[in-house]
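Novice: predicted structure and sequence below. I'll ask about it afterward.
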Amino acid sequence: MIFNTTFQKLSLNRAYLPFNVSKSQLKHAVQAARTLGFDGFNVTMPHKTRILELVDQLDDVAKKGGTVNTVARVGQRLVGYSTDGEGAFRAIKSYGFEPGDKNILVIGAGGAARAIVQRLSLRHNSIRILNRSLDRAKTVAEDLNGRGSVSCGKLTKKNLETSIPGTNLLVNATPLQTTKILAELAIQPQSLRDIDWVFDLAYDELSDPPHTRSGRISPLEMLLHQAALSFEIWLGKPAPLALMRASLVDHLGRDWK
Ligand SMILES: NC(=O)c1ccc[n+]([C@@H]2O[C@H](COP(=O)([O-])OP(=O)(O)OC[C@H]3O[C@@H](n4cnc5c(N)ncnc54)[C@H](OP(=O)(O)O)[C@@H]3O)[C@@H](O)[C@H]2O)c1
């Protein structure tokens, strides 16, 4: 909807279509995109890491982060990019939070978490990753140690409770809202009251955010910025950010900030 409305308003002869692709069909879907001559496509959960081996080339950010959410056709080659990390970074900064010398707690270690940890580790932050599968968290922490420190642990009640104090930003990169994760681990929502910001990435069922010092960074802000960066990759020109924002606000019937 963000893209189609924008294409129409700019009289660009393009269409953005959703395809529901199972894990076992990803290879065939990419081959179909080649055969049908798509100019590009986005890749979302759960394909952001599997897609790496199916494209012909990776840009530096995608290669280092080990995750791709945007593919562009350049001649006959498919090139993989990742706009999630920079999209999240721009969203975070738009709320006045300046990453750098901050304590950041990340829940999740999938494609989106990888992209965000990669981007935030370029600044001097202390990042702690907690994930349901410890192995995956370890791989992210090992791959993406940047200027600050990246540590990891298993997502358990005890680990989450001990990681919360001193956290400036909690990034929840799972499909569940933070309130749900807390409830599942039997942790009181009030335990987040000393955190500055909570940033849930999932935007499909937004519940009331937990009470924190400064509030919630909306996943819709990230959605907008990562989409704008994809637009720039495909179209090769600056994205009409205000127009894209207005398309989303009109569609939702409300602003999120
Ligand atoms: N706002 C935006 O613009 C934006 C951009 C990108 C992604 N997202 C959203 O971010 C979420 C993650 O996307 P992704 O591409 O990173 O997905 P992914 O690669 O499939 O990773 C999902 C992560 O969530 C964890 N997880 C899944 N179910 C869980 C549960 N019931 N309890 C605890 N942890 C659970 C997984 O843990 P395991 O490793 O143990 O499986 C994994 O770490 C999705 O909801 C996606 O829509 C939003």
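Specialist: The structure has been received and is ready for your questions. What you see is a predicted model; the values in this text were computed from it and never measured.
Novice: outline the domain layout of this structure.
Specialist: 2-84+221-252, 96-217 (automatic domain parsing).
Novice: among the ones you listed, which is the most enclosed?
Specialist: Between the domains of the chain, domain 96-217 has the highest mean count of neighbours, a mean of 18, where neighbours are mean count of other Cβ atoms under 10 Å. For every residue, glycine as well, the C-beta is placed using N, CA and C.
Novice: does that domain reach the ligand?
Specialist: Yes. Against the ligand, domain 96-217 shows contacts by Cβ under 6 Å from any ligand atom at 108-113, 131-133, 136, 155, 173-176, 201-203.
Novice: end to end, how far does that domain reach?
Specialist: 10 Å (Cα to Cα, to the nearest Å).
Novice: next: stretch 209-217.
Specialist: 10 Å.
Novice: mean confidence (pLDDT) on that stretch, please.
Specialist: The average pLDDT within stretch 209-217 is 88.
Novice: same check, this time on stretch 46-58
Specialist: Rounded mean pLDDT across stretch 46-58 is 97.
Novice: now the domains of the chain as CSV including distance to residue 90?
Specialist: Output for the domains of the chain, formatted as CSV (distance: least, Cβ to Cβ, whole Å):
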stretch, distance to residue 90
domain 2-84+221-252, 4
domain 96-217, 10
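Novice: which residue ranges of the stretch 51-200 of the chain form strands?
Specialist: Ranges of strands in the stretch 51-200 of the chain, per DSSP state E, counting those that start in this stretch, are 57-58, 70-74, 77-81, 103-107, 126-131, 149-154, 169-172, 197-200.
Novice: residue 94 contacts residue 218, correct?
Specialist: No. With contact defined as Cβ atoms under 8 Å, residue 94 does not count as touching residue 218 (9.5 Å).
Novice: residue contacts, the residue of the chain found nearest the ligand?
Specialist: Of all residues in the chain, residue 110 sits closest to the ligand, at 1.8 Å by Cβ to the nearest ligand atom. By Cβ atoms under 8 Å, 6 or more residues apart in numbering, residue 110 lies in contact with 45-46, 48-49, 136, 173-174.
Novice: what's the answer for residue 9, then?
Specialist: 243, 247.
Novice: phi, psi of it?
Specialist: phi -70, psi -30 (degrees, to the nearest 10).
Novice: now for the contacts of residue 110, which pair is the farthest apart?
Specialist: Using Cβ to Cβ, these span at most 15.2 Å, a distance reached by 49 and 174.
Novice: low-confidence stretches in this protein?
Specialist: The chain contains no residues with pLDDT under 70.
Novice: gap between residue 22 and residue 29?
Specialist: The span separating residue 22 from residue 29 equals 9 Å under the rule Cβ to Cβ, to the nearest Å.
Novice: which strands and helices sit next to the lengthiest helix in the chain?
Specialist: The longest helix of the chain (DSSP state H) is helix 219-235. Contacts defined by 3 or more Cβ pairs under 8 Å, 6 or more residues apart in numbering; DSSP states H and E place helix 219-235 against helix 2-9, strand 40-42, strand 70-74, helix 84-94, strand 197-200, helix 241-252.
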